[in-house]
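# pasting the structure only:
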């Protein structure tokens, strides 16, 4: 049975048939989680693009956001759509796979092959469900180091990510600075605000209020909480856009050829758009995974971990930083990036910063933004030159 058929039949996706790589870790040395639990004999799924050079110095780790996965720059095996960063990653593109070896790892708690609530607990032979331990962004990064060790990569040329991916970038720079030459946190923050947590809680409550959630045991009875997960996605998607983008794209326009229904059917184009986002999302994502990953983001608070001083996380760092924000991003607005820049300046770190003018909102880093491509491409080119990285097509 193919992946999309399993999804529509309420059965779990058979991740053994997904393309890419899936490796088991923790058999000799279990992974210690921040919550105190340990993971042993657990899978991590990842995908690679390009070729690792002889000296293993051209690796870029791309960290995905909340609803992303490891399929960065190829046809997605479940949805059939282009990879979520196909605009940026590929031959001759900003993150040039003719020059760089790109790795993307499905995060802990994910639902595309890495261990999470939708995976089998080897101790019981059943899906983890809500028995899966709570994970953090730092736990995700520690699992990614295992992938690098497996690939024989001692140091990344760069680690890059937007939104939750940017949080992972910050954790990499703080926890493993010796393994990172350059870091690019995009449209992110050093901690989750009360507003961020509030939006996530609305999404979680929508899932848990769905009768098909079954206290997180929906997989036992052949159900999936489609409606709750779709509403969670709809609410979150509003935060990824800007008011000006929504107005320009939809305004108050009615569905083509329709008049007001004077009821609760879809009257406005923006309603249809949000419902489509919700419906397509449930085709590829697991509801319990959504709970776990949003919780990991809520727990993210780097200043608190370092005595209330973010600068302490980066003291004596040799990592080269480039932070990028977008003018219309109200989920992780520019002041959040500036706070990180100020902390890096306080420890005399090598840091550059760019605020990109865009009306696309938080999702701007996923879209065709020429200034964003120019800034990121320029930073990577300069860092590669400083690193002495061979030119494109040179091995």
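Looks like it came in fine. All values derive from a computational prediction rather than experimental measurement. Numbering: from 1, shown residues only.

# C-terminal to the host helix or strand of residue 161, what's the next element?
Element membership for residue 161, per DSSP states H and E: strand 156-162. Later in the chain than strand 156-162, the nearest helix or strand by DSSP H and E is helix 164-175.

# and the helices in this structure?
Under the criterion DSSP state H, the chain carries helices at the ranges 3-8, 137-151, 164-175, 194-209, 226-240, 243-249, 269-282, 287-298, 302-305, 334-346, 370-387.

# turn those helices into a markdown table, including mean pLDDT.
Converted to a markdown table, those look like this (pLDDT from 0 to 100):
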| stretch | mean pLDDT |
| --- | --- |
| helix 3-8 | 36 |
| helix 137-151 | 98 |
| helix 164-175 | 98 |
| helix 194-209 | 98 |
| helix 226-240 | 97 |
| helix 243-249 | 94 |
| helix 269-282 | 94 |
| helix 287-298 | 98 |
| helix 302-305 | 97 |
| helix 334-346 | 98 |
| helix 370-387 | 97 |
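
# how about JSON lines for those, with distance to residue 57 added?
C-beta coordinates here come from the backbone N, C-alpha and C atoms, glycine included. Compiled in JSON lines, the helices of the chain are given as follows (distance: least, C-beta to C-beta, whole Å):
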{"stretch": "helix 3-8", "distance to residue 57": "36"}
{"stretch": "helix 137-151", "distance to residue 57": "13"}
{"stretch": "helix 164-175", "distance to residue 57": "17"}
{"stretch": "helix 194-209", "distance to residue 57": "36"}
{"stretch": "helix 226-240", "distance to residue 57": "35"}
{"stretch": "helix 243-249", "distance to residue 57": "39"}
{"stretch": "helix 269-282", "distance to residue 57": "38"}
{"stretch": "helix 287-298", "distance to residue 57": "31"}
{"stretch": "helix 302-305", "distance to residue 57": "28"}
{"stretch": "helix 334-346", "distance to residue 57": "24"}
{"stretch": "helix 370-387", "distance to residue 57": "7"}
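
# and those as CSV, adding mean neighbour count and distance to residue 35?
Listed next are the helices of the chain as CSV, based on neighbours: other C-beta atoms under 10 Å; distance: least, C-beta to C-beta, whole Å:
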stretch, mean neighbour count, distance to residue 35
helix 3-8, 15, 30
helix 137-151, 20, 8
helix 164-175, 26, 16
helix 194-209, 16, 18
helix 226-240, 21, 23
helix 243-249, 14, 38
helix 269-282, 17, 27
helix 287-298, 24, 10
helix 302-305, 17, 14
helix 334-346, 18, 26
helix 370-387, 17, 34
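
# for those helices, which one sits closest to residue 59?
In terms of C-beta to C-beta, the element of the helices of the chain nearest to residue 59 is helix 137-151, at 7.6 Å.

# closest one to residue 126 among the helices of the chain?
Using C-beta to C-beta, the helices of the chain put helix 287-298 closest to residue 126, at 13.2 Å.

# partner residues bridging residue 62?
In this entry, residue 62 is beta-bridged to residue 160, by DSSP bridges.

# give the contact list for it.
By C-beta atoms under 8 Å, 6 or more residues apart in numbering, the contact list for residue 62 reads 72, 85, 89, 95, 102, 103, 104, 160, 161, 165.

# please apply the same query to residue 318.
Contact analysis of residue 318 by C-beta under 8 Å, 6+ apart lists 177, 350.

# need phi/psi at it.
phi -110, psi 0 (degrees, to the nearest 10).

# that older thread, next, format the contacts of residue 62 as CSV and append distance to residue 136.
Formatted as CSV, the contacts of residue 62 follow (distance: C-beta to C-beta, whole Å):
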residue, distance to residue 136
72, 23
85, 24
89, 26
95, 27
102, 25
103, 21
104, 19
160, 20
161, 16
165, 15
